[in-house]
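Chemist: 3D model of this:
(one chain, ligands or ions: 1)
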Amino acid sequence: MSSLQQEVERRRTFAIISHPDAGKTTLTEKLLWFGGAIQVAGEVRGRKAARHATSDWMELEKQRGISVTSSVMQFPYREHMVNLLDTPGHDDFSEDTYRTLTAVDSAVMVIDSVNGVEAQTIKLLNVCRMRDTPIITFINKLDRESRAPIELLDEIETTLGMECAPMTWPIGMGKTFRGVYSLVNDSILFFDPRAEKGTSETIQGLDNPRLDELIGYQAQELRVDIELVRGASNEFNKERYLSGKQTPVFFGSAVNNFGVQSLLDAVVDLSPPPQARNTATRAVAANEDKFAGFVFKIQANMDPKHRDRIAFLRVCSGRFERGMKIKQVATGKMLNVNNAITFMAQDRTIMDEAYSGDIIGIPNHGTIKLGDTFTENEALKFIGIPSFAPEFFRRARIKNPMKMKQLQIGLKQLSEEGAAQLFRPLLSNDLILGAVGMLQFDVVAHRLEHEYGVDMVFEPYDCYTARWLKGSDADLKAIADKYGFNVGLDSADDYVYLAPNRVNLQMAQERYPDIQFMETREIA
Ligand code: G4P
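Modeler: Below is the predicted model:
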């Protein structure tokens, strides 16, 4: 095997998806700790608290440098190199959260055992489904009075449409939580919140008398449970997992370190190495010699006055090394990249080399756009990096009309960065901003003021959702004539339907059955 092939094979690039408060931050921190990337617990949570303590963008701005470093966490584990990509949640939930999922090869879904499958998890899972991304499930907080495990699996199967294959099975819950039984190894890991790694002892075999000694009456209950579970649930099937049809399920308690190591082992043992990626012309295999990659996220950096940005590029093939010249396919320009950033756990360091699956950060002044493909020379265009239909809308009004030009430039650039989307209804002069998370409006207002000198107010705008329209010219003209206030153009001049409510959307769809109303749009 060539050294390139080896480097690709040992990489695992994944993200954690969850609903706020299910335990993503805690789990991230524990994974880093088990991976040896951080020495003490508390570092990641500290940053989250700092980020969370304020809804004021000014303050958030100060944290930007921090959020750049926590965007990608790379660490070696066993013989593997793991890239954990952060999916911003809570207040900073944005399209970046969705788009990051287009840059991973697998995901870990965290479910709170008390609350079950929650709204945000469903949304994020739908994004994973676009690429049939394999998902490992971690059911967290078994140290609390949880829902019955079988009920949780059932809920995952019915609401998320994936088969569950339990890999471990919990012994009790809440006050009586004693550990998990591994259905794969026929071993029992005992839970001990005081033990450094959450586990005091591991024994082999359900019939082991030590089991009765340690957990008394629960041992017999466990034996009955396992017989039922083996009869009623799916066995793990790697092929079905890799095609996104089945999810292996682990139980644990992240805050107590319990179950985390089994999860990390599963990430490296089960989840796939970097996969081939589609371009408009051909599939690019991860082990091809020549470098290629795409930009899935742009982050404004520390010094907004200089329009200083970092473009996050996912390497899709070949090897990247410091000082390499790469081609921005959209413009044909060659870029000499000698200051790319890598993300070894916590620190930003100048990167020497990167392989398929790795993420590199390229500093720039607004010249690199979301969705950009970079290659050594070939004219490729990676596809599958979409914009997502916003769920929140505001009408942007300028305080000083003389600044209209700056406003338009600013909004166009910010929408190219993916900070928010801009729509212009055909029959009005309105500038409508759409976002998938509310904080984005504050971000845009703040940045327009500080980077473009434009003072804005945002007014409510009655819109339920946006759909990109795809159809014949005649059909598009017909819908534009009929619904001129609802049909608009986005920043790429593509037609969009701005639906004031669900019923209106349904009626428009029924009236124009030949037009596709799309929830995502490929970035041009
Ligand atoms: P998030 O990133 O998904 O939003 O969740 P986060 O890790 O911040 O966890 C949310 C809350 O759940 C935190 O409590 C965290 O301590 C708690 N938690 C995480 N894992 C477990 C677990 O296995 N068992 C129990 N019982 N709780 C867990 P908090 O009160 O919001 O914060 P803190 O005061 O503990 O820091």
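Chemist: so Pro273 sits against Ala286, correct?
Modeler: Yes. Counting by C-beta atoms under 8 Å, Pro273 does reach Ala286; the two are 6.9 Å apart. All C-beta atoms are positioned from the backbone trio N, CA, C, and that covers glycine.
Chemist: and the two? Which one has more around it.
Modeler: Between Pro273 and Ala286, counting by other C-beta atoms under 10 Å, Ala286 is the more crowded of the two (25 against 20).
Chemist: so how far is Asp86 from Lys290?
Modeler: Here Lys290 is placed at a distance of 29 Å from Asp86 (C-beta to C-beta, to the nearest Å).
Chemist: excluding covalently adjacent residues, which one is nearest to His90?
Modeler: Pro20 (5.1 Å; C-beta to C-beta, 6 or more residues apart in numbering).
Chemist: okay, now that neighbour: neighbour count?
Modeler: Pro20: 17 neighbours (other C-beta under 10 Å).
Chemist: again, but for the one 5 residues further on
Modeler: Other residues near Thr25 come to 25 when the count uses other C-beta under 10 Å.
Chemist: swap in Gln39?
Modeler: Residues contacting Gln39 under the criterion other C-beta under 10 Å number 8.
Chemist: residues that sit against both of Pro273 and Ala286, list them.
Modeler: The contact sets of Pro273 and Ala286 overlap at Val8, Gly357 (C-beta atoms under 8 Å, 6 or more residues apart in numbering).
Chemist: ok, back up a step: look up how far Gly323 lies from the residue nearest to His90.
Modeler: 41 Å.
Chemist: close to the ligand: what parts of this protein are there?
Modeler: Proximity of the chain to the ligand (C-beta under 6 Å from any ligand atom) is limited to residues 18, 20-26, 45, 89, 140-141, 143-144, 253-256.
Chemist: strands - which of the residues you listed land there?
Modeler: By the criterion of DSSP state E, membership of these in strands covers Ser18, Asn140.
Chemist: contacting residues for Pro460?
Modeler: Arg394, Arg395.
Chemist: what pairs with it across the strands?
Modeler: Arg394 (DSSP bridges).
Chemist: so where does Leu125 fall, helix or strand?
Modeler: For Leu125, the element it lies in under DSSP states H and E is helix 119-130.
Chemist: give me the residue from the stretch 401-524 of the chain nearest the ligand.
Modeler: Among the residues of the stretch 401-524 of the chain, Gly437 lies closest to the ligand, at 14.2 Å counting by C-beta to the nearest ligand atom.
Chemist: name the nearest residue to that residue, ignoring sequence neighbours.
Modeler: In space, Gly437 comes closest to Phe93 once its chain neighbours are excluded; the distance is 3.7 Å by C-beta to C-beta, 6+ apart.
Chemist: burial count for the one you found?
Modeler: When neighbours are defined as other C-beta under 10 Å, Phe93 has 21 of them.
Chemist: quick one: it and Leu439 touch, right?
Modeler: Yes. Phe93 is within contact range of Leu439, at 7.5 Å (criterion: C-beta under 8 Å).
Chemist: next, the nearest residue to Asn208 once chain neighbours are set aside: phi, psi?
Modeler: In this structure, Asn208 finds its nearest non-sequential neighbour in Ile188, 7.5 Å apart by C-beta to C-beta, 6+ apart. Reported as degrees, to the nearest 10, the phi and psi values for Ile188 are phi -120, psi 130.
Chemist: residue contacts, Ile188?
Modeler: Per C-beta under 8 Å, 6+ apart, neighbours of Ile188: Ile171, Gly179, Val180, Tyr181, Ser182, Thr202, Ile203, Gln204, Leu206, Asn208, Leu211.
Chemist: also Asn256?
Modeler: Taking C-beta under 8 Å, 6+ apart, we find Asn256 in contact with Asp143, Phe191, Pro193, Gly198.
Chemist: and the host helix or strand of Leu189, which strands flank it?
Modeler: Assessed by DSSP H and E, Leu189 sits inside strand 187-191. Strand 187-191 pairs in its sheet with strand 179-182 (antiparallel), strand 199-204 (antiparallel), by DSSP bridges.
Chemist: and that strand, which residues are buried?
Modeler: Ser187, Ile188, Leu189, Phe190, Phe191 (16 or more other C-beta atoms under 10 Å).
Chemist: so the third one touches Asp265, yeah?
Modeler: Right, Leu189. No. Judged on C-beta under 8 Å, Leu189 makes no contact with Asp265 at a distance of 11.9 Å.
Chemist: who touches both of those two?
Modeler: Joint contacts of Leu189 and Asp265 (C-beta under 8 Å, 6+ apart) do not exist.
Chemist: dump the helix holding Leu125 to PDB, restricted to CA.
Modeler: C-alpha atoms of helix 119-130 as PDB (Å, rounded to 0.1, in the frame of the first residue of the first chain):
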ATOM      1  CA  ALA A 119     -36.400  18.400  16.700                       C
ATOM      2  CA  GLN A 120     -32.900  19.500  15.800                       C
ATOM      3  CA  THR A 121     -31.700  16.000  15.600                       C
ATOM      4  CA  ILE A 122     -34.300  15.200  13.000                       C
ATOM      5  CA  LYS A 123     -33.300  18.200  10.900                       C
ATOM      6  CA  LEU A 124     -29.600  17.400  11.100                       C
ATOM      7  CA  LEU A 125     -30.300  13.700  10.300                       C
ATOM      8  CA  ASN A 126     -32.200  14.800   7.200                       C
ATOM      9  CA  VAL A 127     -29.100  16.600   6.000                       C
ATOM     10  CA  CYS A 128     -27.000  13.400   6.600                       C
ATOM     11  CA  ARG A 129     -29.500  11.500   4.600                       C
ATOM     12  CA  MET A 130     -28.800  13.600   1.500                       C
END
